[in-house]
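[1] Following is a predicted model, sequence given first.
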Amino acid sequence: MIVSKCSRYVIALVFTLNSFAFAQPSDSFGLGDVKQPQQASEYIFRSSPKESLIAVQLLGAVNRPGVYYVPPSTDLLKLITLAGGSTNGGDMSEIVVRKLEPKTWSEIKSKAVNEYQGAYEVDAEKVIKYGGAKQLKLAQDDFVYVPQKSYMVSGDATRTVTVVSLVLGIALTALLISKNSNHNGLIGQ
């Protein structure tokens, strides 16, 4: 009888641990949030060998962050396209552009562009939807930052809920096994 009871506990524990393994991220052993830092590089884009270029810094959640040497006619969306677009976690609705000469964008009348303390927040999704990308010309030493999307529930909260549900599942399974084995034991006697 004791062997039977112990085997039930072991089976319940194996099933519960198996379900916990499926709840983990597929990366490596729960280290899904650990990522290698992006390496910034320099990129040169020109259409002719004698074309003058400007330097623009692009950082954040883009596939190829770095310093870009581009023609002066380059707009914000073209720069992000040259960088391979945003990463899966990139928030294209809150791109921050810090201009050396903020006056160049002060005349832009668009719902997609908001000025805040000398910097501009650009909603690229609205720019794509309603147009106006050509107005967003970049200049020498502009700084562009594409932030990560912020989620309502963090990875830590998700892990905590998973562990708590695991522990509760083990406890409730053990309680049910114990209750059923006591109930079955009384009937058999």
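    Everything's here; your move.
[2] residue nearest the centroid of this protein?
    Computing the C-alpha centroid of the chain and ranking residues by Cα atoms, centre = their mean puts G89 first, at 2.9 Å.
[3] Do I have it right that that residue meets V146?
    No. Under the criterion of Cβ atoms under 8 Å, G89 makes no contact with V146, lying 9.8 Å away. To be clear about C-beta, it is placed using only N, CA and C from the backbone, and glycine gets the same treatment.
[4] Please identify every residue contacting each of these two.
    Residues within reach of G89 and of V146 at once, by Cβ atoms under 8 Å, 6 or more residues apart in numbering, are A61.
[5] what's the average pLDDT for stretch 97-111?
    Mean pLDDT, computed over stretch 97-111, is 80.
[6] start to end distance for that stretch?
    For stretch 97-111, the first-to-last residue distance is 15 Å (Cα to Cα, to the nearest Å).
[7] Show me which parts of it are buried, residue by residue.
    Neighbour counts over stretch 97-111 (16 or more other Cβ atoms under 10 Å) mark 97, 99, 105, 110 as buried.
[8] go on, stretch 143-162?
    Buried residues in stretch 143-162, counted by 16+ other Cβ under 10 Å: 144-147, 159.
[9] Take those and keep only those in strands.
    144-146 (DSSP state E).
[10] for the lengthiest helix in the chain, packing partners?
    Ranked by number of residues, the top helix in the chain under DSSP state H is helix 155-188. Packing partners of helix 155-188 (3 or more Cβ pairs under 8 Å, 6 or more residues apart in numbering; DSSP states H and E): helix 2-23.
[11] hmm, back to that, tell me the mean pLDDT over the longest helix of the chain?
    76.
[12] ok, the residue nearest to the centre of the chain to I44 distance?
    Applying Cβ to Cβ, to the nearest Å, the value for G89 to I44 is 27 Å.
[13] now swap in Q57 and tell me
    Q57 sits 14 Å away from I44, going by Cβ to Cβ.
[14] who has more neighbours, these two?
    Neighbours were counted for Q57 and for I44 using other Cβ atoms under 10 Å; Q57 has more, 15 against 10.
[15] who's in contact with that one?
    66-68, 141-144.
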